[in-house]
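Novice: I need the structure of the sequence given here:
(2 chains)
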Amino acid sequence: MEKVIYVNETDAQRKPLLPSASSSVMSGLRLTAGVPLKDRDDSVLASAAGAPVKHTSRPIVTGSSVIAMRCKDGVVMATDTLASYGSLARFRQISRLYKATDHCVIGGGGDMSDFFELCETVRKETTLEYCYDDGHMITASAIHQMLARIMYNRRNKMDPYWNYMLVAGWQHGKPVLGYVDLVGSHFVSEVIATGYGEYLGLPLLRKAYREDITVEEGKKVLQQILTVLFYRDARTIDRIQIACVTEKGVEISEPTKLETEWSYKAFISGARASDVSTW
Amino acid sequence: MFRNQYDTDITTYSPQGRLHQVEYAMEAVKQGSAVVGVRSNTHVILATLKRSASELASHQKKLSEIDDHVGVAIAGLTADARVLTRFMRNECLNHKYVFEQPLALSRLALSVADKCQVSTQRASKRPFGVGLLLAGYDATGPHLFQTCPSGNYYEYYAMAIGSRSQGAKTYLERTFDSFPECTVDQLAKHAVLALRETVSSSKDTELTLENTAVAIVGKGTNFVIYEDDEVKPYLDMIDADEEEQPAEAEPAAADAPMTDA
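Specialist: Numbering: from 1, shown residues only, chains lettered A, B, ... in the order given. This is a model prediction of the structure:
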């Protein structure tokens, strides 16, 4: 099986400049002439030269749903391992779960490059906390709040990080689960699903949720829901990862293949072109 | 302090390897009136002696609330302390805004110390002439920190700074072993008794409602300052103790907790 690619393994190098953008002559000035290509700041020089400032207006390489449930003894969270390029299943072994601290995991959907950059930002913060070496470590709810501030700040610049993220953690003997999205909306809840999972997964999560549900039960529920999503969401594949955060720490599973069953009558008959459809 | 040829510039070392201007700033702390801090397993208490410039003047405040969970007592130049107070309030507020939880005491002390250090290494600055006792309660429990103009900072079980604080320190060294298990009232009594050591040698000063202030912070208790009439229970505590054991500076450990202050 191919090796799964994690956030901290991805190439952190910035996108190289497009020569056409940096040599545009809008105000009659060639500000970038003679400057080595690698030393130019894309957006600054482009706007100084009179070109418009460019903002993210749509996600490019995207991840689909993230689903999670807060259980009695921890939190479980699950994603598939696909990063799509439009409708193309472009990267099939991308991990969308990031272990932020020993007791916090972040799951992300939406634009994957934005997600990886946010994970880098979180990593910087946790590294800083580690270097303080004073017995304090940033909690999951603090990471949740920090992400919400970052997202809201970027949205106010009309240049959002195009993501939906879930933050799961274990702190002060309690499980926490929070949501944050590209406009800075954020809340905590016992069950959360993003993207397509919000429509198809959330009702199933609510149905399965009990106050005394355990992490082991929760994992099974998430696996079932991801199977449903795989059947219905065209931006999903059948390879998943499940993370759980308990008192013992974060545990992220190796990518596993979902078991699927395609011989249901409705699947077969529903695929016939002659069927009368309400769609 | 005598002038010498190496004390005009902050950044110039004397041949003995000393920075005289920084040491003068440390002296400024010793000129300020005394403040005392004590810590138990659950609480930190500050006790301060306020000065008034004249009969006609009010007493200078020595305690400031920084955030719900932190407060400081100051000794030295009050005006410099205001700058640091504003800085600390900002730090706490920013941290709460970004992380939605209170700033850890050790981080706050560190950031103040860093700020103080900068002004010991730049020709265009002068050191802050103020020492702080930071009292607070965070995720790792109650903490008492001291910061110095030199940029040093320390954590303590109990500490006193300011003029004639040696007396208070001696009292604290004698008694601090019992502090961890103290109730809030017992701890407050120790704080006030330690503070009294700083005025005991002068005939014309004693602890009064006007010149004494106490602050408490701890588990489940936000930082609160008690002064004027509200400080009466704490002064009564040591007076009551006095009547039981005349001419005995050291208090007997109170068997029954005092009434609520």
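
Novice: the nearest residue to A:Thr194 once chain neighbours are set aside in helix, strand or coil?
Specialist: Excluding its sequence neighbours, the residue lying closest to A:Thr194 (Cβ to Cβ, 6 or more residues apart in numbering or on different chains) is A:Tyr164, at 3.9 Å. Placement of C-beta: from N, CA and C, glycine included. Look at A:Tyr164: counting by DSSP: H, G, I helix; E, B strand; the rest coil, its state is strand.

Novice: tell me which parts of chain B are close to chain A?
Specialist: Within chain B, the residues that sit near chain A (Cβ under 8 Å from any Cβ of the partner chain) are B:Tyr97, B:Val98, B:Phe99, B:Glu100, B:Gln101, B:Ala104, B:Ser106, B:Arg107, B:Leu110, B:Asp138, B:Ala139, B:Thr140.

Novice: which helix or which strand is home to the closest residue to the third one other than its chain neighbours?
Specialist: Same thing as B:Phe99. Counting by Cβ to Cβ, 6+ apart, B:Phe99 lies nearest to A:Ala142, which is 4.0 Å off, once chain neighbours are set aside. Take DSSP states H and E as the rule and A:Ala142 turns out to sit in helix A:140-156.

Novice: where's that helix relative to the chain centroid, distance-wise?
Specialist: Its chain's C-alpha centre lies 14 Å from the corresponding centre of helix A:140-156 when counted by Cα atoms, centre = their mean, to the nearest Å.

Novice: same question, stretch B:65-75
Specialist: Between the centre of stretch B:65-75 and the centre of its chain there are 9 Å (Cα atoms, centre = their mean).

Novice: swap in stretch B:102-110?
Specialist: Worked out by Cα atoms, centre = their mean, stretch B:102-110 lies 16 Å from the chain centre.

Novice: ditto for stretch A:114-121
Specialist: The answer for stretch A:114-121 is 9 Å, by Cα atoms, centre = their mean.

Novice: re the thing from before, let's have the residues of chain B next to chain A in TSV, adding secondary structure.
Specialist: TSV is the format used below for these (three-state DSSP):
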residue	secondary structure
B:Tyr97	helix
B:Val98	helix
B:Phe99	helix
B:Glu100	coil
B:Gln101	coil
B:Ala104	coil
B:Ser106	helix
B:Arg107	helix
B:Leu110	helix
B:Asp138	strand
B:Ala139	coil
B:Thr140	coil
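
Novice: helix, strand or coil for the spatially most central residue of chain A?
Specialist: Closest residue to the average C-alpha location of chain A: A:Gly108 at 1.3 Å, with Cα atoms, centre = their mean. Three-state assignment for A:Gly108 (three-state DSSP): strand.

Novice: do you know how far A:Ser95 is from chain B?
Specialist: Distance, A:Ser95 to chain B, by Cβ to the nearest Cβ, to the nearest Å: 26 Å.

Novice: identify the residues contacting B:Ser111.
Specialist: Residues near B:Ser111 by Cβ atoms under 8 Å, 6 or more residues apart in numbering or on different chains: B:Phe87, B:Met88, B:Glu91.

Novice: so which of the residues you listed is the most crowded?
Specialist: The most crowded member of these, judged by other Cβ atoms under 10 Å in any protein chain shown, is B:Met88 (24 neighbours).
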